[in-house]
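Asks: with the sequence up front, the predicted model follows.
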Amino acid sequence: MKILLAEDDEKLGKLILHMLHKECHTADWVRRGDEVESSVAIGDYDLVILDWMLPGKSGDLICKELRRKGYRKGILMLTAKGTLEDRVTGLDAGADDYLMKPFEFAELFARIRSIARRFQMPLSENVLTAGSLELNTIDHTLKHAGKEIPLTTKEYQLLEILMRNRGKTVPRDLLTEQIWGWDCPSRNALDALVKLVRKKLKDVPGLCIQNIRGVGYRLEVSDVLQNP
């Protein structure tokens, strides 16, 4: 799913964004209420996770405005305001669900899945392909020409991100955050991990993990393999 997170708490926002990425969602983050509507207008989001108390514009007013302008996808209100009156106000404003802070991520993801089922949204692809490679996101196996290539957990995470963004440069900071969070062991850890994955893919024809110097990495597949 493609998700927009609207949360002004810096620490919580970073954590939610990191966890959404680990659950294989595409997610963007805004910190002000007056940024939400313009982001939704151009972002084609499946779900908006909307904090109630935002600077610039409150969540309930944003929710009403999004519905007035024709946004028909999911809205999940995320807030510390927990009285019955508050919950009724949020739902009447157009929210599809309501989750109180503090919360457990297991419940957040369960509510996201519930909204996805309601709107018949695909949560993620089960099998990602790049040329002759097939990466199964359910059992975390990688196959080339029917033969399995063993991967460590972090090798799998790197390859999944690159395959989901095939042909696009993924910034180094984003790769590091999604794979290690805030516990990256060294500045060279990402480069070392890429080197290991390249070695395992050396016999796969037409596949290349490019280093975009000073920016990040990009997975490229030759035109011959993409258009047999």
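Replies: Cool, got the structure.
Asks: low-confidence ranges, the chain, go.
Replies: Along the chain, segments meeting pLDDT under 70 span 82, 121-125, 182-183, 223-228.
Asks: strands of that one, residue ranges please.
Replies: Along the chain, counting by DSSP state E, strands occupy 2-6, 26-30, 47-51, 74-79, 97-100, 127-130, 133-136, 141-144, 147-149, 170-171, 207-212, 216-221.
Asks: tell me which of those strands sits most buried.
Replies: Mean neighbour count, computed with mean count of other CB atoms under 10 Å, is highest for strand 47-51 among those, reaching a mean of 26. (Each C-beta comes from the backbone N, C-alpha and C, glycine too.)
Asks: what comes into contact with stretch 56-68?
Replies: 6, 32-37, 40, 48, 50-54, 75, 77, 79, 89-90, 93-95 (CB atoms under 8 Å, 6 or more residues apart in numbering).
Asks: would you agree residue 54 is in contact with residue 32?
Replies: Yes - using CB atoms under 8 Å, residue 54 makes contact with residue 32 at a distance of 6.3 Å.
Asks: those two: who's more crowded?
Replies: Between residue 54 and residue 32, counted using other CB atoms under 10 Å, residue 54 has the larger neighbour count: 22 against 12.
Asks: what sits against the more buried one?
Replies: 6, 7, 8, 31, 32, 33, 36, 62.
Asks: recalculate using a threshold of 7 Å.
Replies: If you count contacts by CB atoms under 7 Å, 6 or more residues apart in numbering, residue 54 has them with 6, 8, 32, 33.
Asks: name the nearest of those residues relative to residue 167.
Replies: residue 6 (29.1 Å; CB to CB).
Asks: what's the separation between that closest one and residue 51?
Replies: 6 Å (CB to CB, to the nearest Å).
Asks: check residue 1 too.
Replies: 18 Å.
Asks: follow-up on the earlier one: anything in contact with each of residue 54 and residue 32?
Replies: In contact with both residue 54 and residue 32: residue 8, using CB under 7 Å, 6+ apart.
Asks: domains for the chain, by residue range?
Replies: 2-118, 127-226 (automatic domain parsing).
Asks: which of those sits most buried?
Replies: domain 2-118 (a mean of 17).
Asks: straight-line length of that domain, end to end?
Replies: One end of domain 2-118 sits 16 Å from the other (CA to CA, to the nearest Å).
Asks: report the beta-bridge partner residues of the nearest residue to residue 114 once chain neighbours are set aside.
Replies: Nearest residue to residue 114, sequence neighbours excluded (CB to CB, 6 or more residues apart in numbering): residue 97, at 6.9 Å. Beta bridges link residue 97 to residue 76, judged by DSSP bridges.
Asks: can you verify my assumption that residue 97 contacts residue 78?
Replies: No - taking contacts as CB atoms under 7 Å, residue 97 lies outside contact range of residue 78: 9.5 Å.
Asks: now do the helices in the protein.
Replies: 10-22, 36-43, 59-68, 84-92, 105-118, 153-164, 172-180, 189-200, 223-226 (DSSP state H).
Asks: show me what the longest one is packed up against.
Replies: Meaning helix 105-118. strand 74-79, strand 97-100 (3 or more CB pairs under 7 Å, 6 or more residues apart in numbering; DSSP states H and E).
Asks: at 10 Å instead, please
Replies: Applying 3 or more CB pairs under 10 Å, 6 or more residues apart in numbering; DSSP states H and E, we find helix 105-118 packed against helix 10-22, strand 47-51, strand 74-79, strand 97-100.
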